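Undergrad: Would you be able to build a 3D model of this:
(one chain, ligands or ions: 1)
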Amino acid sequence: MSQQRTAGKSGSDGKPSDPLGPIQPASDSTGGLPAEGAVISEAGRTRGVKFTVAKRPTLEQLEQGVLARDRSMLSRAITLAESRRPQDQDAAQELQVRIASHTGKAIRLGLSGVPGAGKSTLIESIGVWLVNQGHHVAVLVIDPSSARTGGSILGDKTRMPQLAVAQNAYIRPSPTAGTLGGVAWRTRETMMLCEAAGFDVVIVESVGVGQSEGELAELVDTFCLVLAPGGGDELQGIKRGVVELADIMAVNKSDGDLEPAAKRAAADYRHALRMLPPSTPGWKTPVLNISARADIGLDKLWSSVEGHRAVLEQSGQLLERRSEQRLRWFRRLLDEAILRRFKEHPGFQKELAEMTAAVSANKITVPQAVRGLVK
Ligand code: GDP
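TA: Below is the predicted model:
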């Protein structure tokens, strides 16, 4: 757990700390023999299988562990993906290549809503419900707080106590890189690793603050907005652009005293949706009254997810969405690679230091400094 907490953080020397210890090169593989200091993996322990892994896993071990649904290896693979160290990034990308043929089959569901709407209560109840139906559910929590506090794994486990201990569920916070509510920088890679580990439902949760929803909607196939009945003026707080993205709207807390307000809110949303273009051509965004606490409407919510998926598949839009998702990933990695090459260029750091001093002392204008460096 401490490994996860240090992911992406800097060490005291200012360099990114090593979250896993170095990855052993492939040739160092022990060929399945327990290396010195080997530990029994979590899956090996719980299933009583003799499955040993070295403390510092090789790429082979990570690959095999992920494909064998070994949760501790999955966690280590995600930690590797989240590491900022260039050599870890190279290894993490190589791992993505190796697992690629095992990805793509899951239902990718995004859930967003303002704090307090009931997202975690909903994920807990629908997650447990799905697991009981035989699904394998991974939950990625995009967590702006974990970027600051260095991880809130315990927080998420208490937010979803039953799901956290369910055999076929996996909960993982994705720390955002400082951007409030933004999609974490390696959520895509984490999703791929979870799919390769056999999770057939991947739920990505993010706190909706009006900016992050678009990014999340682009990462998943089905985007669900979780709402709560408010003080009458239901539509006020939610931007039109966000409502337009919703493939499903779930008005939570439709129970007890809140039920009439929840019904009114749902009617308002239905009305508002009529004025908006559909999120998915050929699909009418349903507005559902649900109660995460009282387990009301979860079956309807899930059949809407499946219904939306069916429309995506039949119309060919699933392939299109997936292709767009891949292209966005391509552009992001390409940008990162170009930037890294650039910064690794001999002499760059020295010139950067000189330009920084010159800008700081106002000896050169900022555009001149940038132009000088790029040349
Ligand atoms: P999140 O911030 O969106 O994750 O919201 P939480 O799941 O933490 O829920 C916020 C509050 O709403 C908590 O006090 C929950 O107990 C409550 N809550 C969540 N779902 C329901 C529901 O279906 N009905 C009612 N009445 N309260 C709920």
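
Undergrad: what helices or strands is the lengthiest helix in the chain leaning on?
TA: Determined from DSSP state H, the single longest helix within the chain is helix 317-344. Counting contacts by 3 or more C-beta pairs under 8 Å, 6 or more residues apart in numbering; DSSP states H and E, helix 317-344 packs against helix 187-196, helix 212-219, helix 298-315. Backbone N, C-alpha and C define where each C-beta goes, glycine included.

Undergrad: ranking those helices by burial, who's on top?
TA: helix 187-196 (a mean of 24; mean count of other C-beta atoms under 10 Å).

Undergrad: And the contacts of that one?
TA: 66-67, 74, 77-78, 81-82, 92, 95-96, 99-100, 102-106, 108, 138, 140, 142, 170, 172, 174, 184, 202, 204, 219, 325, 329, 332 (C-beta atoms under 8 Å, 6 or more residues apart in numbering).

Undergrad: Could you list the buried residues of stretch 93-106?
TA: 93, 95-96, 98-99, 102, 106 (16 or more other C-beta atoms under 10 Å).

Undergrad: These also near the ligand: which ones?
TA: With C-beta under 6 Å from any ligand atom as the criterion, no member of the buried residues of stretch 93-106 is in contact with the ligand.

Undergrad: which parts of the longest helix of the chain are buried?
TA: For helix 317-344, using 16+ other C-beta under 10 Å, the buried residues are 317-318, 321, 325.

Undergrad: so where do the strands sit in the stretch 101-250 of the chain?
TA: Per DSSP state E, counting those that start in this stretch, the stretch 101-250 of the chain carries strands over the ranges 107-113, 137-143, 169-175, 201-207, 222-227, 248-251.

Undergrad: which neighbours does the first one have in its sheet, and in what orientation?
TA: Think strand 107-113. Paired strands of strand 107-113, with direction, are strand 201-207 (parallel), strand 222-227 (parallel) (DSSP bridges).

Undergrad: tell me the angle of it relative to helix 212-219?
TA: With axes from the mean of the first three to the mean of the last three C-alpha atoms, to 10 degrees applied, the angle from strand 107-113 to helix 212-219 works out at 180 degrees.

Undergrad: mind checking how far strand 107-113 is from the chain centre?
TA: 10 Å (C-alpha atoms, centre = their mean, to the nearest Å).

Undergrad: ok, back up a step: for the ligand, which of the helices and strands packed on helix 317-344 is the nearest?
TA: Distance to the ligand, taken as C-beta to the nearest ligand atom, is lowest for helix 298-315 among those, at 10.2 Å.

Undergrad: can you tell me if the closest one touches the ligand.
TA: No: using C-beta under 6 Å from any ligand atom, helix 298-315 never reaches the ligand; the gap is at least 10.2 Å.

Undergrad: Let me have the strands paired with strand 107-113 in TSV, extended by mean neighbour count and mean pLDDT.
TA: Shown next, in TSV, are the strands paired with strand 107-113 (neighbours: other C-beta atoms under 10 Å; pLDDT from 0 to 100):
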stretch	mean neighbour count	mean pLDDT
strand 201-207	26	91
strand 222-227	26	93
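
Undergrad: Any chance of CSV for these, columns distance to residue 367?
TA: Shown next, in CSV, are the strands paired with strand 107-113 (distance: least, C-beta to C-beta, whole Å):
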stretch, distance to residue 367
strand 201-207, 36
strand 222-227, 40
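
Undergrad: Show me the contact partners of stretch 305-320.
TA: By C-beta under 8 Å, 6+ apart, stretch 305-320 touches 107, 109, 221-222, 224, 247-248, 280-283, 321.

Undergrad: out of those, who's nearest the ligand?
TA: residue 224 (12.4 Å).

Undergrad: right, and that closest one touches residue 252 too?
TA: No: the criterion here is C-beta atoms under 8 Å, and residue 224 misses it with residue 252 at 10.8 Å.

Undergrad: Distance of the spatially most central residue of the chain relative to residue 173?
TA: Centrality entry for the chain: nearest residue to the mean C-alpha point is residue 187, 3.5 Å, by C-alpha atoms, centre = their mean. Noted for residue 187: a distance of 11 Å to residue 173, by C-beta to C-beta, to the nearest Å.

Undergrad: And for residue 241?
TA: 26 Å.

Undergrad: These two - which one has more neighbours?
TA: Between residue 241 and residue 173, counted using other C-beta atoms under 10 Å, residue 173 has the larger neighbour count: 25 against 12.

Undergrad: Does that one touch residue 141 like I think?
TA: Yes: the pair residue 173 / residue 141 is scored as a contact, 4.6 Å apart, by C-beta under 8 Å.

Undergrad: Contact partners for residue 329?
TA: Residue 329 sits next to residue 188 when contact means C-beta under 8 Å, 6+ apart.

Undergrad: now do residue 99
TA: Counting by C-beta under 8 Å, 6+ apart, residue 99 has contacts 63, 66-67, 192-193, 196.

Undergrad: One more: residue 163?
TA: 123-124, 127-128, 131, 137, 139, 169, 171 are the contacts of residue 163 under C-beta under 8 Å, 6+ apart.

Undergrad: Buried members of these into PyMOL, please.
TA: The following PyMOL line selects those of the contacts of residue 163 that are buried, judged by 16+ other C-beta under 10 Å:
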select buried, resi 123+124+127+128+131+137+139+169+171
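
Undergrad: what does the stretch 101-250 of the chain have sitting close to the ligand?
TA: Checking the stretch 101-250 of the chain against the ligand by C-beta under 6 Å from any ligand atom, the hits are 113, 115-121.

Undergrad: Against residue 70, how distant is the closest residue to residue 159 other than its chain neighbours?
TA: Distances taken as C-beta to C-beta, 6 or more residues apart in numbering place residue 120 nearest to residue 159, at 4.0 Å, with adjacent residues excluded. Taken as C-beta to C-beta, the spacing of residue 120 relative to residue 70 amounts to 26 Å.
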